[in-house]
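**Q** Any chance you can model this:
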Amino acid sequence: MMNLSDSLKQTIRDIHKRIGQNLSHYQVRPQQNYLVAEIAKTLSGEYDKQNRLCVIEAGTGTGKSLAYCLGAIPLAMKHKLTVVISTATVALQEQLFNKDLPFFAKHSGLDVSFDIAKGRQRYVCASKLADFAATAADQDNQRGMFDSPPSTKTIELLKRLYKAYASGKWDGDKDSWPSVIPDDVWRHVASDKHSCLRSLEEHRNCPFHLARDRIEGLDVLIVNHALLLADLELGGGKILTEPGKSVYLLDEVHHLPQITRDFASAQVTTFGAKEWLDKLPALSQSLAKTLTRSAAIGINLKVLDLVDDIGKDLSEVFVHLQQNHQILFKEEQLKRFENGELPADLKLKAQAIGPATGQLLAQINKYQEILKNELSEGDISPSVGEPLMSDLGFFIHRLENLHKLWREWSYERSEKAPPSARWIEVIKTQGKQQFDYLLASSPIEIGFFLQEKLWHECAGAILCSATLTALGKFDFFRKQVGLKANDGTRYLKVDSPFDYRNQAQLHVPKLTCEPSAPKYTDELIKVLPGLLEGINASLVLFSSYWQMEAVADKLKAKYGDKLLVQGQAARQLIIEQHKAAIDKGKVSIIFGTQSFSEGLDLPGDYLTNVIITKIPFAVPTSPVEEAHAEYIKAKGGNPFLELSIPQASKKLVQAVGRLLRNEKDSGRVVILDRRLVSKRYGQSMLDALPPFKRIIEY
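**A** Below is the predicted model:
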């Protein structure tokens, strides 16, 4: 395990000093120094030998990226461990790769090697690309690769991709192509584990494996949370380094609970699944004829029987849902099952389909293994075997998802375990069937997965974000990610170096009604012009699209092109237009919803006035949110106090955080929600906000 010797402490101090000397406008920040020391002490086991975990809320301006690099990289390199930096956004990955880590490597005196590790799906499969580019224009030889005949635009794009890759002008990385590659084109040429033939000589230099070879043995890997979770689900060490040989720096970690929940979810359609499943017997019979191993004949017979059984069951489920449509859905398009309890008839079907899909998946995997062996041994030519491998990959991917859903639906949970959210949604289709049923499942609590796969296995982990506490405490986040009270985990709240009281003010004006009142939208239309008067750069945040658009429609005549409304142009274009207007000394007002309250960086004169129309309470309308609230209530808890208020508090802190981005910024935050002063929870929310100078009207 890691230890922090005196010589290593001195090395870290020396690196910090050199970096400060080479960083323009560098200022000594006590908060950053504190973070560096605490991160190094935590990872070295000075606080807890077994649980080397630290959860950090570090406000804007604390320099946390440099702090965790200083506190973790020298220590990890000394003990031959890999540092895995995981983020939620591409923007932070690019900042780390293009700016922060090159600067650190250059001035640290350490020979630090680093790269971005991406998921397989971000790389093209060279074999698929060559195949699809050659056949895209041949309607008789498209092998069902498109849902409908490809457009001329699609054909031309495939040809350009192939030509650029074949000539060495493109490396096969989706993100390095100069324009956006549409998903409906990319999914046909993306690399996938099921059809990969690395064992063949000509496939060893494919883009994905070349990228994987590059990250082998690196000191620092930059990944996203989804790739990290994919590796953990495989047992760890299959895509990235083993958890026990890794130090994890999880930035933007407030996104991790939701990403983990999404990762563990599953959904399939009934009629749609039956349609693609009906195509599997033809492939199975083709494989049985092509493969030389005698085992293929037995596999084919089992596949045909299983497809027949599963197909009948899926058809019966579809018919059952049609017959009971009015009872299940009434006037709604979605039916959530209370406490995750399925009706008896669906439960019986799940208990049949779940095991059967698992057995079918096992047989198809056997086909894949035999086909790989025969291709590598030369028993089958690549021209015959590779298209079959690609088709197998398509079915394996679909089967895995089908099995995941029905396996989860067939589970009988214990009384102590939280239920999953299970629901059915009516969806429109493009085919002969006018509608289909989407069957879905999602866990409502995911902490056990992170605890078992990550926290108990890793050499150490630093979890950080600018916003982690809710109502000033870490309790809500701790429960979300599966950390236990008093388990040895360190919790640090490091304030921003900003002089909040002198740089900005928080204004809660007196209004005639609260947000729940019918006339609240009319009041917003009345008061907003006065709050925007005389200020060039404003951001107005709404809790709903309809209210934002209603207010925008009424104020458009007054502000014209000065008003930039989310949804009426791409986010980046809105930001660019806003900055251009401010640079010219003009007025610019952005109207946005929740997505504009996070990740929006408008420093200095680009934003001096933030108006928040409502406390951002999330309405529990999604099946998962409803199921979670139901579970808390069943245990005797209060979903509003345990879920809604902590979540809203975090979002409110994020929203007001849009104002001050640098130490010289200044401005005003206005919150047009009287519940901050009229409700008991309001004071706790106010106390959780930065210590701005307050102007609260009573």
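**Q** Give me the most central residue, the chain.
**A** In the chain, the centroid-proximal residue (CA atoms, centre = their mean) is I259; its distance is 4.4 Å.
**Q** From L450, how far off is that residue?
**A** Counting by CB to CB, to the nearest Å, the gap from I259 to L450 is 11 Å. For every residue, glycine as well, the C-beta is placed using N, CA and C.
**Q** Test for you: state the pLDDT assigned to S199.
**A** At S199, the pLDDT value in this model is 55.
**Q** Check T241 too.
**A** 94.
**Q** ditto for G217
**A** Listed pLDDT for G217 reads 90.
**Q** Q142 now?
**A** pLDDT at Q142 comes out at 46.
**Q** CA atoms only for stretch 214-224 - export them in PDB, please.
**A** Only the C-alpha atoms of stretch 214-224 are listed here, as PDB (Å, rounded to 0.1, in the frame of the first residue of the first chain):
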ATOM      1  CA  ARG A 214      -1.400   3.200 -26.300                       C
ATOM      2  CA  ILE A 215      -2.900   3.300 -22.800                       C
ATOM      3  CA  GLU A 216      -1.200   0.200 -21.600                       C
ATOM      4  CA  GLY A 217       1.200   1.100 -18.800                       C
ATOM      5  CA  LEU A 218       0.400   4.800 -18.800                       C
ATOM      6  CA  ASP A 219       0.700   6.700 -15.500                       C
ATOM      7  CA  VAL A 220      -2.600   8.600 -15.900                       C
ATOM      8  CA  LEU A 221      -5.800   7.600 -17.700                       C
ATOM      9  CA  ILE A 222      -8.600  10.100 -18.400                       C
ATOM     10  CA  VAL A 223     -12.000   8.400 -18.700                       C
ATOM     11  CA  ASN A 224     -15.600   9.200 -18.300                       C
END
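**Q** now it, how far from the centre of its chain.
**A** For stretch 214-224, the separation from the chain centroid amounts to 20 Å (computed by CA atoms, centre = their mean, to the nearest Å).
**Q** Ok, stretch 174-185 next?
**A** Counting by CA atoms, centre = their mean, stretch 174-185 is centred 19 Å from the centre of its parent chain.
**Q** Can you mark which positions in it are buried?
**A** 174, 177, 181, 185 (16 or more other CB atoms under 10 Å).
**Q** what does stretch 415-426 give?
**A** 418-426.
**Q** Endpoints of it, how far apart?
**A** Taking CA to CA, to the nearest Å, stretch 415-426 runs 30 Å from one end to the other.
**Q** avg pLDDT for the helix or strand where S65 lies?
**A** Using DSSP states H and E, S65 sits within helix 64-78. Per-region confidence: helix 64-78 scores 95 on mean pLDDT.
**Q** Give me the contacts around the following helix or strand past that helix.
**A** Per DSSP H and E, the first helix or strand lying C-terminal to helix 64-78 is strand 82-87. Residues outside strand 82-87 that contact it (CB atoms under 8 Å, 6 or more residues apart in numbering): 68, 72-73, 76, 93, 96, 218-225, 227-228, 240-241, 245-252.
**Q** what angle do strand 82-87 and helix 64-78 make?
**A** For strand 82-87 against helix 64-78, the angle by axes from the mean of the first three to the mean of the last three CA atoms, to 10 degrees is 160 degrees.
**Q** Go through the helix or strand just after strand 82-87 and flag the buried ones.
**A** Later in the chain than strand 82-87, the nearest helix or strand by DSSP H and E is helix 90-95. Neighbour counts over helix 90-95 (16+ other CB under 10 Å) mark 92-93 as buried.
**Q** picking up where we left off before, run through the neighbouring helices and strands of the helix holding S65.
**A** Contact here means 3 or more CB pairs under 8 Å, 6 or more residues apart in numbering; DSSP states H and E; on that basis helix 64-78 packs against helix 6-22, helix 30-43, strand 53-58, strand 82-87, helix 101-108, strand 246-250, strand 460-465.
**Q** how about TSV for the buried residues of stretch 415-426, with pLDDT, distance to D6 and secondary structure added?
**A** Converted to TSV, the buried residues of stretch 415-426 look like this (pLDDT from 0 to 100; distance: CB to CB, whole Å; DSSP: H, G, I helix; E, B strand; the rest coil):
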residue	pLDDT	distance to D6	secondary structure
P418	87	47	coil
P419	89	53	coil
S420	93	51	strand
A421	95	52	strand
R422	96	56	strand
W423	97	58	strand
I424	97	63	strand
E425	96	61	strand
V426	94	67	strand
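**Q** nearest residue to T270 other than its sequence neighbours?
**A** Excluding its sequence neighbours, the residue lying closest to T270 (CB to CB, 6 or more residues apart in numbering) is F318, at 4.3 Å.
**Q** Which elements pack onto the host helix or strand of that neighbour?
**A** Assigned by DSSP H and E, F318 belongs to helix 295-323. Applying 3+ CB pairs under 8 Å, 6+ apart, one finds that helix 295-323 contacts helix 270-277, helix 280-290, helix 344-376, strand 435-443.
**Q** Figure out which of these is closest to S538.
**A** With CB to CB, the closest approach to S538 among these belongs to strand 435-443: 37.8 Å.
**Q** hmm, back to that, for Q430, find the nearest of the helices and strands packed on helix 64-78.
**A** strand 82-87 (36.5 Å).
**Q** Show the average pLDDT along the closest one.
**A** On average, strand 82-87 scores 97.
**Q** Can you classify G237 by secondary structure?
**A** coil (DSSP: H, G, I helix; E, B strand; the rest coil).
**Q** I figured it hits P243, correct?
**A** Yes: contact criterion CB atoms under 8 Å: G237 and P243 qualify, at 7.1 Å.
**Q** quick one: which of those two has more around it?
**A** Set side by side, G237 and P243 show more neighbours around P243, with 23 against 15, by other CB atoms under 10 Å.
**Q** which residue packs closest to that one, ignoring adjacent ones?
**A** Spatially, and ignoring its direct neighbours in sequence, P243 is nearest to E457 (3.9 Å; CB to CB, 6+ apart).
**Q** List the contacts of the residue nearest to T270.
**A** By CB under 8 Å, 6+ apart, the contact list for F318 reads 270-271, 274, 436-437.
**Q** Identify the farthest-apart pair in the residues you listed.
**A** With CB to CB as the measure, no two of the contacts of F318 lie farther apart than K274 and Y437, at 11.2 Å.
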